[in-house]
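[1] return atomic coordinates for the entry below.
(chains A and B)
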Number of protein chains: 2
Amino acid sequence: MFSPAVENLVAQLTRLPGVGQRTAQRLAFHILQRPADEALALAGALAEVKERVRFCSDCGNLTEDERCAICVDARRDHTTICVVEQPVDVVSLERTNEYRGLYHVLGGALSPIDGVEPADLRIAELMQRVDANGVQEVVLATNPTMTGEATAAYLADRLRDRVRVTRLASGLPVGGDLEYADEVTLGRALAGRREMS
Amino acid sequence: MFSPAVENLVAQLTRLPGVGQRTAQRLAFHILQRPADEALALAGALAEVKERVRFCSDCGNLTEDERCAICVDARRDHTTICVVEQPVDVVSLERTNEYRGLYHVLGGALSPIDGVEPADLRIAELMQRVDANGVQEVVLATNPTMTGEATAAYLADRLRDRVRVTRLASGLPVGGDLEYADEVTLGRALAGRREMS
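    Numbering: from 1, shown residues only, chains lettered A, B, ... in the order given. Alright, predicted model coming up:
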């Protein structure tokens, strides 16, 4: 409609998750109306991120070095590994300030229906880490979804006789209301009830 | 959290409209997990669009040349100018296949509360075009919103004694239900009722 350059930008933007034709058009027009240095700053950030950022050779988290800041930190507890699906989950767990161990980023969850098999995730690397480095506990922190639970069950089966395996608690979200909890969550909260001290 | 490059990409993405911190993070992680050439294609499209695309010197629409494809098209009716707020509105009107005249893109709508005054829009350019080129009709196609209506009223006042001024009809959307129409729209549909032929 306008020009090949605009069409191309719209096409590139629609490849982003959650961005359809209309959103891409809106973003493209916004970019066209802003000063050029804004668009160039975004373009530069895209190029730089692909050039500089890679996956930690130990845990699979994002880093600009060979190993990530958490894996090289001697003050962290190197006998505990928390297994998550994505790098963004590491951010969420770090924000709690409750965890001092290491991480292992799988890069997804098992989902045969989407063709995600164990070999597609960083599971072999996890097994190696557990065997090699005196690890005493693996905390399974995959999402409490169908695929996340299946992944946790699969890993628990493979790890159980090598190391202590735990799973994040399911239950009522803090600040939530019993009335609005779904029955599965409430059932989990009941099953996981704890002695009050 | 991860690396300065990721932080920078997230920061750049949050400058896009409708993209908050969480969405920007999700987009950044998506980009990190895709092959580098996808990110570079988007980066290239951003740079190219700012390098190649400019505003038509006549109508203010987007173009890669001095004048846009519509303004240079001799088969279009050069005596009619349709005034719209944004380039994207030209796309919508062209899709109808009902309009054969030219356009004039204001670049927004009058909104004193947001500091958008007549001098901030391409209104002086519109007056010049109307005076210079034998224009017979100006179709006001600003949005049927508060600011779009105000802009249409302002332009009608200034144009009325020079040229025929019309406004897009307001009324029930085709396929819509009387039951679900808001009272303002229904009132407009009543006021604008037409003889059946």
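[2] buried ones in the helix or strand bottoming out on mean pLDDT in chain A, by neighbour count?
    With mean pLDDT, DSSP states H and E as the measure, the helix or strand of chain A carrying the lowest mean pLDDT is helix A:183-191 (a mean of 84). Buried residues in helix A:183-191, counted by 16 or more other CB atoms under 10 Å in any protein chain shown: A:185, A:188-189. Using the backbone N, CA and C atoms, a C-beta is placed for each residue, glycine as well.
[3] just put the residues you listed in JSON lines and tack on distance to residue A:7.
    Below are those laid out as JSON lines (distance: CB to CB, whole Å):
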{"residue": "A:185", "distance to residue A:7": "46"}
{"residue": "A:188", "distance to residue A:7": "49"}
{"residue": "A:189", "distance to residue A:7": "52"}
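[4] hang on, residue A:171 is in a strand, isn't it?
    No. Assessed with DSSP: H, G, I helix; E, B strand; the rest coil, residue A:171 is coil; it does not lie in a strand.
[5] domains in chain A, by residue range?
    Following automatic domain parsing, one finds the domains of chain A at A:4-52, A:75-167.
[6] closest one to chain B among the ones you listed?
    domain A:4-52 (4.0 Å; CB to the nearest CB).
[7] can you tell me the centre-most residue of chain A?
    Nearest to the mean C-alpha position of chain A, counting by CA atoms, centre = their mean, stands residue A:86 at 1.7 Å.
[8] so who does that one touch?
    The neighbours of residue A:86, taking CB atoms under 8 Å, 6 or more residues apart in numbering or on different chains as the test, are A:105, A:107-108, B:29.
[9] residue A:50: which of the residues you listed is nearest?
    Using CB to CB, residue B:29 comes nearest to residue A:50 of the contacts of residue A:86, at 12.8 Å.
[10] the closest one - nearest residue in space that isn't next to it in sequence?
    residue A:88 (5.4 Å; CB to CB, 6 or more residues apart in numbering or on different chains).
[11] tell me the secondary structure for that neighbour?
    Assigned by three-state DSSP, the conformation of residue A:88 is helix.
[12] thinking again about what came up before, show me what the least confident helix or strand of chain A is in contact with.
    A:170-172, A:178, A:181.
[13] most surrounded residue in those?
    residue A:171 (19 neighbours; other CB atoms under 10 Å in any protein chain shown).
[14] how about it: what's its closest non-neighbour residue?
    Among residues not flanking residue A:171 along the chain, residue A:189 sits closest, at 3.8 Å (CB to CB, 6+ apart).
[15] and if you look at residue A:20?
    Nearest one to residue A:20, counting by CB to CB, 6+ apart, is residue A:14 at 6.5 Å.
[16] for residue A:139, same thing?
    Nearest to residue A:139 is residue A:82, by CB to CB, 6+ apart, at 4.3 Å.
[17] give the contact list for the residue nearest to residue B:29.
    B:25-26, B:29.
[18] which helix or strand contains the closest residue to residue A:30 other than its chain neighbours?
    Distances taken as CB to CB, 6+ apart place residue B:17 nearest to residue A:30, at 5.1 Å, with adjacent residues excluded. Using DSSP states H and E, residue B:17 is not contained in any helix or strand.
[19] pull the contacting residues for residue B:17.
    A:26-27, A:30.
[20] how far away is it from residue A:22?
    12 Å (CB to CB, to the nearest Å).
[21] again, but for residue A:179
    Note on residue A:179: its distance to residue A:22, by CB to CB, is 37 Å.
[22] can you pull out the strands in chain A?
    Along chain A, the stretches classed as strands by DSSP state E are A:54-55, A:62-63, A:77-84, A:101-105, A:137-140, A:164-167.
[23] single out the most deeply packed of those strands.
    Among these, ranked by average contacts under mean count of other CB atoms under 10 Å in any protein chain shown, first place goes to strand A:62-63 (a mean of 25).
[24] sketch out the low-pLDDT regions of chain A for me.
    Regions of chain A meeting the criterion pLDDT under 70 cover residues A:1-2.
[25] show me where it has its helices.
    In chain A, the helices defined using DSSP state H lie at A:4-13, A:21-33, A:36-52, A:87-95, A:123-132, A:146-159, A:183-191.
[26] nearest to residue B:126, of these?
    When those are compared by CB to CB, helix A:21-33 sits nearest residue B:126, at 18.6 Å.
[27] check what contacts that closest one and list those residues.
    In this structure, residues lying in contact with helix A:21-33 by CB under 8 Å, 6+ apart are A:6, A:9-11, A:13-14, A:16, A:19, A:38-39, A:42, B:16-18, B:46, B:49-50, B:53, B:62, B:86-88, B:91, B:107.
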